[in-house]
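Student: coords please:
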Amino acid sequence: MKAIFVLLLLIGLISATKKGVPTPIKSGLDKPIFIEVNKQFKSIRDLLALEYFKNKTVYIDLWATTCAPCIREFPASNALIKKYEGKDVAFLYICYNFNLPESKERVRLQWKELIEKNKLSGFHAYTYVMPPDSIIHEPITFEFMQQKSGKAIAYGVPTHFIAKNGKILVEYAPIPSDPATTRLIDSVLALQ
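Tutor: As a prediction, this is how the structure comes out:
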């Protein structure tokens, strides 16, 4: 039932965006907003083109449900979100895991449970990102990795970026608990 509600919400957001009507989602600061990543999204840039990221500085956090350092940063992430409340800053969390197709639903459930347990607001997507920013829609299996042998097939986690106007301006930004993160966000926020 919850999945149907989220799907209907996203359909409404996409159709409202296409008509030029502002979306009802203002910030994603008070609760998690889940973005269903489907085949229309080919890259992080496609995600950043969504209405709620327009004209915003976006702190992007690539993480995995199996990454303890990623999860340990969630309290610092929440502090960042609170610090930038009311400013043109959005937070996009992209979770990806190497998993077999048969474990996909279990891992997606674990993903949402971790977000809710840690009260991590912001925007959340579950997908796989291949450098530099391609979104992969096929299962990441051993065979997939063999086909891509010799190419960069994954970012390590945690990895962070800072983007503005749909472009990644800072690759490999510091973790949320690093004081340099706020300085970088402030610098990008100040850009016209």
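
Student: Tell me where this protein has strands.
Tutor: 32-35, 57-63, 89-95, 122-126, 128-130, 134-136, 159-164, 167-171 (DSSP state E).

Student: With mean pLDDT added, can I get the ones you listed in TSV?
Tutor: Formatted as TSV, the strands of the chain follow (pLDDT from 0 to 100):
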stretch	mean pLDDT
strand 32-35	92
strand 57-63	96
strand 89-95	95
strand 122-126	93
strand 128-130	77
strand 134-136	77
strand 159-164	95
strand 167-171	93
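
Student: So which of these is nearest residue 108?
Tutor: strand 122-126 (5.8 Å; Cβ to Cβ). Using the backbone N, CA and C atoms, a C-beta is placed for each residue, glycine as well.

Student: which helices and strands sit right next to the closest one?
Tutor: strand 32-35, strand 89-95, helix 104-117 (3 or more Cβ pairs under 8 Å, 6 or more residues apart in numbering; DSSP states H and E).

Student: pLDDT weak spots in this structure?
Tutor: The model of the chain has pLDDT under 70 over residues 1-29, 98-102, 137-154.

Student: re the thing from before, format the helices and strands packed on strand 122-126 as TSV; extra columns: mean neighbour count.
Tutor: Formatted as TSV, the helices and strands packed on strand 122-126 follow (neighbours: other Cβ atoms under 10 Å):
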stretch	mean neighbour count
strand 32-35	20
strand 89-95	25
helix 104-117	14
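
Student: any chance of those in a markdown table, plus distance to residue 53?
Tutor: Shown next, in a markdown table, are the helices and strands packed on strand 122-126 (distance: least, Cβ to Cβ, whole Å):
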| stretch | distance to residue 53 |
| --- | --- |
| strand 32-35 | 10 |
| strand 89-95 | 6 |
| helix 104-117 | 18 |
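
Student: sorry, back to before: take the strands of the chain and write them to JSON lines, including distance to residue 182.
Tutor: Formatted as JSON lines, these follow (distance: least, Cβ to Cβ, whole Å):
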{"stretch": "strand 32-35", "distance to residue 182": "22"}
{"stretch": "strand 57-63", "distance to residue 182": "10"}
{"stretch": "strand 89-95", "distance to residue 182": "10"}
{"stretch": "strand 122-126", "distance to residue 182": "16"}
{"stretch": "strand 128-130", "distance to residue 182": "24"}
{"stretch": "strand 134-136", "distance to residue 182": "28"}
{"stretch": "strand 159-164", "distance to residue 182": "11"}
{"stretch": "strand 167-171", "distance to residue 182": "13"}
